[in-house]
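> Here's my sequence, what's the structure:
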Amino acid sequence: MNPVIEAIKKRRSVRSYEDRPVPRDILDIIIDAGNQAPSAMNSQPWRFVIIEDKSLKKKLLRAALPNAKKILENVREFDPDRYAQIMKRYGELEDPIYYSAPAVIFVIGSGRYADHSCPLACENIMLAAYSLGIGSCWVGFGSMVTEDADVLKALDLKEDEKIYGPIVLGYPRLFPDPPQKKPPCVKWL
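Below is the predicted model of the structure:
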């Protein structure tokens, strides 16, 4: 199979990591892959912040967790079983947002084309990570940290910028089985 197609088909969201750092040279390759993503008008409206510091990751968790729990309250109303399952997992994990991953990459973008371009950089990052034996997971709740002044300062987040990651990275402790995919909905004309 073509290696790109294979990476697309086999990459999974990894939420269980070994407690060992990802070497800087591998992170550099992964960031370069993100930087090579296509962007509207070649705007390249992104920048990357890599967080490995454990104390800063704890601050990120403290900032994101209450916001995640607030949003999950909505799930309780329309899918109580799913809510119970999620909250059970949250109770079992030390870090249910960033999954105690050794590295967290924040993809931060600004400008007119960021909404269209930054997600492409995120996908490139996750595919590159997979191709190098590194697990990854895009964690939407992890971006809910903008109410914490220390985190804003650490990320150097400007008023006109938005977080498009974060993406957690590390060596997989457990590589999940693929989920069932629906057939594509296609219209040929």
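
> Packing partners of the helix or strand of the chain with the lowest mean pLDDT?
Across the helices and strands of the chain, mean confidence by mean pLDDT, DSSP states H and E is lowest for helix 80-92: a mean of 85. Other elements packing on helix 80-92 under the criterion 3 or more C-beta pairs under 8 Å, 6 or more residues apart in numbering; DSSP states H and E are helix 54-78. Backbone N, C-alpha and C define where each C-beta goes, glycine included.

> can you give me the mean pLDDT across the helix it packs on?
Summarised as a single mean, pLDDT over helix 54-78 is 91.

> If you count contacts, what does it end up packed against?
Counting by 3+ C-beta pairs under 8 Å, 6+ apart, helix 54-78 packs on helix 80-92, helix 149-155.

> now the last one: mean pLDDT?
Helix 149-155 comes out with an average pLDDT of 96.

> Not counting that helix itself, show me its contacts.
Helix 149-155 is contacted by residues 49, 51, 56, 59-60, 63, 106, 108, 145-146, 163 when judged by C-beta atoms under 8 Å, 6 or more residues apart in numbering.

> Pipe those into JSON lines and attach distance to Leu120 and neighbour count per row.
Output for the contacts of helix 149-155, formatted as JSON lines (distance: C-beta to C-beta, whole Å; neighbours: other C-beta atoms under 10 Å):
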{"residue": "Val49", "distance to Leu120": "18", "neighbour count": "16"}
{"residue": "Ile51", "distance to Leu120": "22", "neighbour count": "21"}
{"residue": "Leu56", "distance to Leu120": "27", "neighbour count": "15"}
{"residue": "Lys59", "distance to Leu120": "29", "neighbour count": "16"}
{"residue": "Leu60", "distance to Leu120": "24", "neighbour count": "27"}
{"residue": "Ala63", "distance to Leu120": "27", "neighbour count": "20"}
{"residue": "Phe106", "distance to Leu120": "16", "neighbour count": "22"}
{"residue": "Ile108", "distance to Leu120": "14", "neighbour count": "23"}
{"residue": "Val145", "distance to Leu120": "23", "neighbour count": "25"}
{"residue": "Thr146", "distance to Leu120": "22", "neighbour count": "16"}
{"residue": "Ile163", "distance to Leu120": "16", "neighbour count": "19"}
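
> Most widely separated two among the residues you listed?
Lys59 and Ile108 (16.9 Å; C-beta to C-beta).

> and the helices and strands packed on helix 54-78, which is most packed in?
helix 149-155 (a mean of 15; mean count of other C-beta atoms under 10 Å).

> Whatever helix or strand comes next after that helix: partners in the sheet, and parallel or antiparallel?
Counting by DSSP states H and E, the element after helix 149-155 in chain order, helix or strand, is strand 161-163. Each strand paired with strand 161-163, and its direction, by DSSP bridges: strand 103-110 (antiparallel).
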